[in-house]
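> Pasting a predicted model and its sequence here:
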Amino acid sequence: MRYMALLLIAVVMAAPAVAQGASLSVIVVDQGGRPVEDAVVTLAGDTPTPRTAATTYTIDQKQLTFLPFVQVLRPGDSVVFRNSDRTRHHVYSFSTTRAFEFVLAPGQSSTPLALPTAGVAAVGCNIHDGMINYLYVTAAQAVRTDARGIADFSGLHAGRVEVSVWQPRLPPGHPEGVRQATLDLSAGDARTLHVVLRLRPDPRRPSDHERMRY
Amino acid sequence: MGFRFRLASLFVAALFLVQGITAVLVYRVTRHELVAEGQRQLDVAARAFSAQLDDLSRRVASSVQVLALDFALRSAIAQRDQPTVLSALGNHGRRVGATRMLLVGVGGDVQADTAGRLRTGARFPFATLVSRATAQPASAIAAWDQRAYWVVAVPVHAPDLIGFIAAAIPLDHRLLLRLQRQSALPKSIELATPRQGGGWQVIASGGDSGVVARGLGRDGRALPRKPQVMDVAGREYVVQAVDLSGSGREAGVVAVLAYSVDAALEPYRPVAVAWGALLALGLLGGVAGAWLIARTVSRPVELLAAAARRIAAGDYTPPPVGARQDELGELAGTFATMTDALRDREARLLHQAGHDQVTGLPNRLAAENAIRQQLDESAVPRAALLMLGLGRLPDIVTTMGHMVADRVMREVAQRLLPVVGKALVARATDARFSVFCAGATRGDAVTLALRIVEALSEPYREADLTLDLAPAIGIACSPVHGAEGSTLLRRADIALIGAMGSEEPVAVYDPATDPHRPERLSLMADLRRALDSGDGLSLVYQPKLHLPSGRVDGAEALVRWHHPGAGPLAPEVFIALAEETGNIRRLTRWVLEVGIEQAARWQASGLDLRVALNVSARDLDDVELPLRVAGLLAAHGLAPRGVALEVTESAIMTRPETAVLVLRRLADLGLDIAIDDFGVGQSSFAYLRRLPVRELKIDRSFITQIARSREDLAIVRSIVDLAGELGFRVTAEGVEDVATLERLRALGCDHAQGYAIARPMSPQAFEGFLDMPKVAGA
């Protein structure tokens, strides 16, 4: 696939830090070496998924932007869309995970939307083309990279894990993300994984569309 | 004609050349400019066309983009509601003018096709376009199913990318025509796509029917990317191809923009026609003008040539060129001047030819012509010609010179003219005037002649010079003395000579005394022939009687010529002729040969005769004569005393030294020398003594009258006496009667010769005469 990301993986062995469990730091950069935020790093394999109660996340709409851009959820979690702008927002999603559509008046919040199944739901605003966010629903361990492009995992069990990375700006055809590496972790390991993603331009920037010539 | 034609040709050729070159130059410059302008325009047009298409592309893409934002459509797409998608696509497609709309999946697979030609899941033909369209709409012009389309792909976000909407908007001739109408595009715009196996397929064309791309494709020529002049199907085009596909890898579409040079030249065609008409008109005018100019030049030249021919023929009419201010007029003027000069000169020459310079009178030739004319006209039954001679003129010329002689002649002419009246006066020769009186009788002529003599009797006077003119006039009358002018002139001249030699100043021509008759000329030739052959010449012998003994002891041989036509001729006539014509020596030679032979014969037959032979003055110049005589004597065995030679006094006097020498030689041979015609000359006895002369023959003029004239008798007596004293024998000639004979005998003359004794006779007759009894001598 021509639009497949070119992946460079380097695993650096680090000195054992913690006695219980291993830790993994995944550093995601784009093709220009810039840290990639909002990438979701998921681990699959021997490490068990921590059980947590269902949570309701709020997706704020502020200055014609969904915040956060990517929200990692566990199946069963719910989201509430809150309109903090002075305009209306026509929030919709045609995703197979959960299709919905409603209009939020300024200051209004939606009723919680439960997302029972794993999958990625792209959410947009029909009024504002540039507004988009993703609800990443997964049962696996998943961490979103911070502004530095780093996703940290700790307390991992020894054993084999498969590391996948997803980012909205990945080329089309990777709904679940790209499997980056398979690691055999030992107890006390502190591993760092460098991931390079080839990404498309950020679709969120309102200016992108406004500046377009058509 | 030749000159005119060449001149006209030159003009026309120059005109044609200049016009033609100008036309060609203008055509070429115009064409070049047009082509250059065409190329420039085409370049601009190509760019404009590209820009227009780009602009249109963007608008089309923008329209399609708007469609892609339609929520319902996106909803239908996201929810895979195929019927809704198809109908929405069709509906939206009509809005943007697309004839075909497709929904293409993110993977490049066709999910819906309003045309229904591509099945779901088939690959979208313009994969590149789709890949370009992920972020923003992409469009390309492409050939699709033999048509040109804008194919626009826009991404569909819902809100994530869920696929692409592809719209195919036809780019057909209607659009091209619209574009051409909207902007200054060339007439010929063709969209072509490469055909498999070479060549170009025209998929749309505006204006014409795609001849350029097809033509170029057929010829296998590449399409020019820059404006270029190309020959397509026999016509010239400025062609530029614009690749519309951009960098796309789809089936390419090329726009061929062409600009027909011929069509561009079309507006200039009326100009060219006008130009051609102007050229033809100019040419025609040029020909006519050149012809006229050539005519104005050559016509006078021809007239001058004709005038020159006329002048050559003697017609001095001035050339009819007319008054012109140019060189030809000058030439004509010169020509007229020349003609005048020629006429004057000819008149002068004619006058000179017919007139005497000194007196201004007609000359002999003119006079002769005038006389002939008058005589020929027979208007005058008779006429007289007077020839006036001045006896003193030769003396005047030799002593005074020609100038004086000329003045004298002028004066004579002045005096002559009033006297002669209407008669024609001419200067016949240097010293003579002729006066022709038409209708004059002999008497009239003599009267006129006497009046002329009277008029000229007064001497010519000039300063201290007085000259006696001594005029003499000879007259010849027509028709008595001749019917022709020349004859009259000659005869009047003869008469004049007669008159000059006589006392009478006027003489009329007498044919009897004319020694210059024309017969003489033929006589000379006849004489020469007779001398060559001896035919017709003979010697007759006249006896010489020895008076004391009464015996004939000698004879004088006399030559006779019996002319074959004219009969016997007088000896004086042909001897004088022989002397004048230089034949006398030959005659003498003949006489000597025949005479000596006869004498020898007689001597051989026992006759004692001395034959006297006449020798002329010319013979005495001949120093060979003694030798020849000696030879003849020896040849015939004749003793020298059998021959005597008779010479006249005058013969000796002409060249005395030679004559004496020759005579002395002859005498030395033993020959007797006799002086003939003694007494009429000026010879003296004293002179005779120096000559070897043995005999004197007294001239007959003294003898004939001695019976009646005492003076003659006295002369003869004294001659005989003196001759006897000096030892000369004396012979008397012309003794015509017995009385004279007796008288001579009484005087003591030795010999007598004459009719009284006997006439000259042939040798045979002479011999017979000797045998006869001597009646006469008794």
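Happy to help now that I have it.
> alpha carbons only for contacts and neighbour counts from here, please
Will do.
> List the contacts of B:Thr658.
The neighbours of B:Thr658, taking CA atoms under 8 Å, 6 or more residues apart in numbering or on different chains as the test, are B:620-621, B:623.
> Give me the below-cutoff pLDDT ranges for the stretch 651-778 of chain B.
Applying pLDDT under 70 to the stretch 651-778 of chain B flags residues B:682-684, B:773-778.
> for it, what spans make up the strands?
Taking DSSP state E, counting those that start in this stretch, the strands of the stretch 651-778 of chain B run over residues B:672-678, B:695-698, B:729-732, B:751-752.
> Next, work out how far apart B:Ala765 and B:Tyr541 are.
Noted for B:Ala765: a distance of 9 Å to B:Tyr541, by CA to CA, to the nearest Å.
> okay, now the domains of chain B?
Each domain of chain B is listed here as a residue range: B:316-353, B:355-513, B:541-558+B:584-769, per automatic domain parsing.
> One more: chain A?
According to automatic domain parsing, the ranges for chain A are A:10-39+A:145-197, A:57-138.
> These: lowest mean pLDDT?
Note on those: domain A:10-39+A:145-197 shows the lowest mean pLDDT, a mean of 81.
> That one vs chain B: in contact?
Yes: against chain B, domain A:10-39+A:145-197 shows contacts by CA under 8 Å from any CA of the partner chain at A:172-173.
> contacting residues around the helix or strand encompassing B:Ala213?
Per DSSP states H and E, B:Ala213 falls inside helix B:211-218. Residues from elsewhere that reach helix B:211-218, judged by CA under 8 Å, 6+ apart: B:190, B:192, B:198-202, B:222-223, B:232-233, B:256, B:258.
> Ok, stretch B:640-650 next?
With CA under 8 Å, 6+ apart as the criterion, stretch B:640-650 contacts B:596, B:599-600, B:603, B:608-617, B:633, B:669-678, B:681-683.
> Ends of that stretch, what's the gap?
Using CA to CA, one end of stretch B:640-650 lies 25 Å from the other.
> Surely A:Val79 forms part of a strand?
Yes: counting by DSSP: H, G, I helix; E, B strand; the rest coil, A:Val79 is part of a strand.
> what sits against it?
For A:Val79, counting by CA under 8 Å, 6+ apart, the contacting residues are A:56-59, A:112-115.
> Try it again at 6 Å.
For A:Val79, the contacting residues are A:56-58, A:112-113, by CA atoms under 6 Å, 6 or more residues apart in numbering or on different chains.
> pLDDT wise, what is the residue most central in space within chain A at?
For chain A, the residue sitting closest to the mean C-alpha position, by CA atoms, centre = their mean, is A:Val40 at 3.6 Å. You'll see A:Val40 listed with a pLDDT of 93.
> so how many other residues sit close to the residue nearest to it when sequence neighbours are not counted?
Once flanking residues are discounted, A:Val40 sits nearest to A:Arg144: 4.4 Å by CA to CA, 6 or more residues apart in numbering or on different chains. Neighbour count for A:Arg144, taken as other CA atoms under 10 Å in any protein chain shown: 22.
> between B:Ala765 and B:Tyr541, which one's more packed in?
Between B:Ala765 and B:Tyr541, counted using other CA under 10 Å, the more crowded position is B:Tyr541 (25 against 13).
> hang on, that one packs against B:Ala557?
Yes: with contact defined as CA atoms under 6 Å, B:Tyr541 counts as touching B:Ala557 (4.5 Å).
> Find the nearest non-adjacent residue to B:Val408, please.
Nearest residue to B:Val408, sequence neighbours excluded (CA to CA, 6+ apart): B:Tyr460, at 6.9 Å.
> That neighbour touches B:Ala470, doesn't it?
No: B:Tyr460 is beyond contact range of B:Ala470, at 10.3 Å (criterion: CA under 6 Å).
> Tell me, please, the helix or strand in chain B that averages the lowest pLDDT.
Ranking every helix and strand in chain B by mean pLDDT, DSSP states H and E puts helix B:211-218 at the bottom, with a mean of 71.
> Which SSE is immediately downstream of that helix?
As the chain continues past helix B:211-218, the following element, by DSSP H and E, is strand B:228-232.
> what residues does that following strand touch?
By CA under 6 Å, 6+ apart, strand B:228-232 touches B:215, B:236-239.
> In ChimeraX, how would I select the buried members of the residues you listed?
Filtering these down to the buried ones (16 or more other CA atoms under 10 Å in any protein chain shown) takes a single ChimeraX command:
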select /B:215,236,237,238,239
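> The contacts of strand B:228-232 in helices, which ones?
Residues of the contacts of strand B:228-232 located in helices (DSSP state H): B:Gly215.
> and the domains of chain B, which one is worst for confidence?
Comparing mean pLDDT across the domains of chain B, the weakest is domain B:316-353, with a mean of 79.
> Flag every buried residue along that one.
B:316, B:318-319, B:321, B:328, B:331-333, B:335-336, B:339, B:343, B:351.
> now that domain, how far from the chain's geometric center?
21 Å (CA atoms, centre = their mean, to the nearest Å).
> can you check stretch B:644-662 too?
On CA atoms, centre = their mean, the centre of stretch B:644-662 falls 64 Å from that of its chain.
> Which stretches in chain A count as helices?
Using DSSP H, helices in chain A cover A:206-211.
> again, but for the stretch 101-250 of chain B
Per DSSP state H, counting those that start in this stretch, the stretch 101-250 of chain B carries helices over the ranges B:127-132, B:173-182, B:211-218.
> so how far is B:Val720 from the nearest residue to B:Arg717 once chain neighbours are set aside?
The spatially closest residue to B:Arg717, leaving aside those adjacent along the chain, is B:Leu747, at 6.1 Å (CA to CA, 6+ apart). Per CA to CA, B:Leu747 is found 7 Å from B:Val720.
> Neighbour count: the two, which is higher?
A direct count of neighbours by other CA under 10 Å for B:Leu747 and B:Val720 places B:Val720 higher, at 24 against 16.
> any idea how far whichever residue of the stretch 351-500 of chain B sits closest to chain A is from B:Glu411?
Nearest to chain A in the stretch 351-500 of chain B, going by CA to the nearest CA, is B:His351, at a distance of 124.1 Å. The spacing between B:His351 and B:Glu411, counted by CA to CA, is 21 Å.
> Could you check how far stretch A:152-163 is from the centre of its chain?
The answer for stretch A:152-163 is 18 Å, by CA atoms, centre = their mean.
> List of residues touching that stretch?
With contact meaning CA under 6 Å, 6+ apart, stretch A:152-163 is reached by A:21-25, A:42-47, A:179-187.
> Also stretch B:557-567?
Contacts for stretch B:557-567 (CA under 6 Å, 6+ apart): B:536-541, B:568-569, B:612-613.
> Helices of the stretch 551-700 of chain B, start to end?
Ranges of helices in the stretch 551-700 of chain B, per DSSP H, counting those that start in this stretch, are B:571-581, B:584-604, B:625-636, B:649-654, B:656-669, B:685-688, B:700-703.
> Quick check: B:Ala600 vs A:Val91, distance?
Distance, B:Ala600 to A:Val91, by CA to CA: 199 Å.
> quick one, what contacts residue 169?
Reading this off chain A. Contact partners of A:Arg169, counting by CA under 6 Å, 6+ apart, are A:199-200.
> wrong chain, I was asking about chain B
Neighbours of B:Ile169 in contact, by CA under 6 Å, 6+ apart: B:98-99, B:149-150.
> 10 Å - rerun?
Contacts for B:Ile169 (CA atoms under 10 Å, 6 or more residues apart in numbering or on different chains) come out as B:57, B:60, B:93-94, B:96-101, B:141, B:148-152.
> circling back to that earlier point, in PyMOL, how would I select the buried members of the contacts of helix B:211-218?
Filtering the contacts of helix B:211-218 down to the buried ones (16+ other CA under 10 Å) takes a single PyMOL command:
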select buried, chain B and resi 190+192+199+200+201+202+223+232+256+258
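> And the furthest pair within the contacts of helix B:211-218?
Largest separation among the contacts of helix B:211-218 by CA to CA: B:Gly198 and B:Ala258, giving 20.6 Å.
> returning to that earlier point: sort out which of the buried residues of domain B:316-353 are in strands and list them.
Judged by DSSP state E, strands contain none of the buried residues of domain B:316-353.
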